[in-house]
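>>> Next input, structure requested:
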Amino acid sequence: MAYPKNPIYHETLVGDNPKQWLLHGPTKLLLSTYHYHSPNVGVVASYTPKERDVKDHFGIFRGVDQIESFALATIASCGTYSQCKKQNCKPIDLRDDFVPVFTNVGSVTFHNYLEKGQTFINIGHIKRYKFRQMICDGRIYRVPPGFDLDEYFKNFTDERLLAYDLPKEFKLIAELFEVTGQAIKKEIFNSL
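Numbers count the residues shown, from 1 in each chain. You can find the predicted model right below:
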């Protein structure tokens, strides 16, 4: 799929601040950095839970927040990026016409947990994108302390993303399937 040339955008999300692509927050902006992005294949993005993220939860980053972070990294970021490229516009321009809606999680299996201060990555691949609806599968991994994510992912490939090719020191936290979101036109959303 060829996108129109637009000097506003990089060829990927890497190097952009998630705040540019996610128009809500700041307390539910559970994403810090894009490390790898292939617009038609998927994304790798990280986050480190803060004190506010674990408040009243015994220092544990809740599973529901892990799902939210994954959805922000995949369907929200990648979907917004694709729609902006298609319309040759900025993310802020979409806010006037569309409401992003998180519509489905097929299933999630949690294998471990995350605590405040433990950096993790969302590694998600796009299964389908059509009519402003995106469906993604993926995994969440805890990153070893001190690991340089930018250096590791600078030569990453689509094949490695699809194979979850990561060092053995990364700890599998969760597997997610059929995470789905859609940008719904405001006139339709408001009439529901």
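>>> how close does residue 158 get to residue 123?
Note on residue 158: its distance to residue 123, by CB to CB, to the nearest Å, is 12 Å. Bear in mind the C-beta positions are built from the backbone N, C-alpha and C, glycine included.
>>> Looking at these two, which has the bigger crowd around it?
Counted by other CB atoms under 10 Å, residue 158 and residue 123 do not tie: residue 123 has more neighbours, with 29 against 13.
>>> re the thing from before, list residues touching both of residue 158 and residue 123?
Residues touching both residue 158 and residue 123 by CB atoms under 8 Å, 6 or more residues apart in numbering: residue 42.
>>> quick check, residue 161 in a helix?
Yes - counting by DSSP: H, G, I helix; E, B strand; the rest coil, residue 161 is found in a helix.
>>> can I assume it is in contact with residue 45?
No - counting by CB atoms under 8 Å, residue 161 stays clear of residue 45, with 11.8 Å between them.
>>> tally of neighbours for residue 183?
Other residues close to residue 183 by other CB under 10 Å number 22.
>>> scratch that, residue 162 is what I was asking about
For residue 162, using other CB under 10 Å, the count is 14.
>>> ok, it - contacts?
With CB under 8 Å, 6+ apart, residue 162 has these contacts: 41-42, 125.
>>> let's see 6 Å
By CB atoms under 6 Å, 6 or more residues apart in numbering, the contact set of residue 162 is residue 125.
>>> Show me what the strand or helix carrying residue 84 is in contact with.
Here residue 84, judged by DSSP states H and E, is contained in helix 77-87. Where contact means CB under 6 Å, 6+ apart, the residues beyond helix 77-87 that reach it are 3, 13, 21, 43, 91, 129, 134.
>>> Which one of the residues you listed sits in the busiest neighbourhood?
residue 43 (29 neighbours).
>>> can I assume that one sits in a strand?
Yes - according to three-state DSSP, residue 43 belongs to a strand.
>>> got the angle for the longest strand belonging to the chain vs helix 77-87?
What stands out as the longest strand in the chain, according to DSSP state E, is strand 171-185. Put simply, strand 171-185 runs at 40 degrees to helix 77-87, going by axes from the mean of the first three to the mean of the last three CA atoms, to 10 degrees.
>>> Now do the contacts for residue 100.
residue 183.
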